[in-house]
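**Q** Got a predicted structure here, sequence first:
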Amino acid sequence: MICPYCQSVNADGVLVCTSCSRDIAVPATLIAERDDLLRKRDELRDELKRARGEIEAIMLRRKSR
């Protein structure tokens, strides 16, 4: 079993990660929800980065006028 926190490999059926000592007996639904939220966070970060780039381009065009 791969620890959802530190990604270290643990024996199947263990309740606590041997590497980070966190409880890894987490329901699969919570892990799936976490993965979905991380994906959405990354998408929002990318969108924010694009928006900041657009704003910077607009500001540069205004300065050059």
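**A** In hand now; what should we look at?
**Q** Residue 45: which element?
**A** Per DSSP states H and E, residue 45 falls inside helix 28-63.
**Q** residues of that helix that come out buried?
**A** Going by neighbour count (16 or more other Cβ atoms under 10 Å), nothing in helix 28-63 comes out as buried. In this view, the C-beta of every residue, glycine as well, is placed from N, C-alpha and C.
**Q** Report the central residue of the protein.
**A** Geometric centre of the chain, nearest residue: residue 38, 3.3 Å, by Cα atoms, centre = their mean.
**Q** What separation do you get for that one and residue 32?
**A** Separation of residue 38 from residue 32 (Cβ to Cβ, to the nearest Å) stands at 11 Å.
**Q** Identify the residues contacting the residue nearest to the centre of the chain.
**A** Residues near residue 38 by Cβ atoms under 8 Å, 6 or more residues apart in numbering: none.
**Q** and it, how far is that from residue 52?
**A** 21 Å.
**Q** Check residue 7 too.
**A** 30 Å.
**Q** Equivalent analysis for residue 13, please.
**A** In this view, residue 13 and residue 52 are 46 Å apart by Cβ to Cβ.
**Q** And residue 23, by the same measure?
**A** 38 Å.
**Q** before we move on, what about residue 6?
**A** For residue 6, the distance to residue 52 equals 32 Å [Cβ to Cβ].
**Q** and what of residue 16?
**A** 42 Å.
**Q** Repeat that for residue 36.
**A** 25 Å.
**Q** Give me the contact list for stretch 1-10.
**A** The contact list for stretch 1-10, computed with Cβ under 8 Å, 6+ apart, reads 11-14, 17-20, 22, 24, 26, 31, 34.
**Q** need those residues in TSV with pLDDT, can you?
**A** Shown next, in TSV, are those (pLDDT from 0 to 100):
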residue	pLDDT
11	94
12	89
13	86
14	91
17	93
18	95
19	96
20	96
22	93
24	88
26	74
31	83
34	92
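**Q** As CSV, those residues with secondary structure and distance to residue 42 would be great.
**A** Formatted as CSV, the contacts of stretch 1-10 follow (DSSP: H, G, I helix; E, B strand; the rest coil; distance: Cβ to Cβ, whole Å):
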residue, secondary structure, distance to residue 42
11, coil, 31
12, coil, 29
13, coil, 31
14, coil, 29
17, coil, 24
18, coil, 29
19, coil, 25
20, coil, 23
22, coil, 23
24, coil, 23
26, coil, 21
31, helix, 17
34, helix, 13
